[in-house]
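# Below: sequence and its predicted model.
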Amino acid sequence: MNPHRDIESLLHSLKPGDLPADLRDRLRPEPPQLRSPRRAAFRGLAASGLLLAAAACLTLWFKTAETGRGRTAPVTVHHLDSELVASRTLGFIEKDGRVYQIEERRWRDAEAAFCSATPVSVSIAADRRELVYEPVSFD
């Protein structure tokens, strides 16, 4: 170990030298970049646009809340109409001393429904057949 003591003392006495200039420039931290005036102006416009949009949304929300209180409930109308299209006598029957006339009647039923809340209306038409027994009076 003795012959290495001289080497160790030489190693301890060594000091690092200065770095080359190009290496020093590459290791130097970059200066903070300043924002461009255009980018700052765009951010200001975007922020003011967001504030205006939020104000418009709040105004619209409060306006619909006020008008919604005064509204009446929607009105629904349901209408049923029957129209006699044709009738014909099929015959006569006697029962318990009384005479009855058998008559066939054809009806057209029309049904309509409307609601004030929506612009939709529903209409249905159907034909139906009915047999009627009517007593005959001989006056």
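Now that the structure is in, tell me what you want to look at.
# When you work out contacts or count neighbours from here on, use the C-alpha atoms and nothing else.
Fine.
# Would you map the strands across this structure?
Taking DSSP state E, the strands of the chain run over residues 76-95, 98-115, 121-135.
# From Leu84, how far off is the most centrally placed residue in the chain?
Computing the C-alpha centroid of the chain and ranking residues by CA atoms, centre = their mean puts Thr118 first, at 15.7 Å. To Leu84, Thr118 is 32 Å away according to CA to CA, to the nearest Å.
# swap in Leu10?
Relative to Leu84, Leu10 is positioned 128 Å away (CA to CA).
# Tyr133 too?
Counting by CA to CA, the gap from Tyr133 to Leu84 is 16 Å.
# And Phe114, by the same measure?
Taken as CA to CA, the span from Phe114 to Leu84 is 24 Å.
# Between those two, tell me which one has more neighbours.
Set Phe114 next to Leu84 and count neighbours by other CA atoms under 10 Å: Phe114 wins out with 16 against 12.
# how many neighbours does Leu50 have?
What Leu50 shows, counting by other CA under 10 Å, is a neighbour count of 12.
# can you pull the pLDDT of it?
Looking at Leu50, its pLDDT is 88.
# With Leu34 instead?
In this model, Leu34 is scored at 66, pLDDT.
# Now do Gly97 against Val77, distance only.
48 Å.
# Neighbour count: those two, which is higher?
Between Gly97 and Val77, Val77 has the larger neighbour count (other CA under 10 Å), namely 10 against 6.
# Quick one: low-confidence residue ranges for the protein.
For the chain, applying pLDDT under 70 flags the ranges 1-3, 33-37, 40, 65-71.
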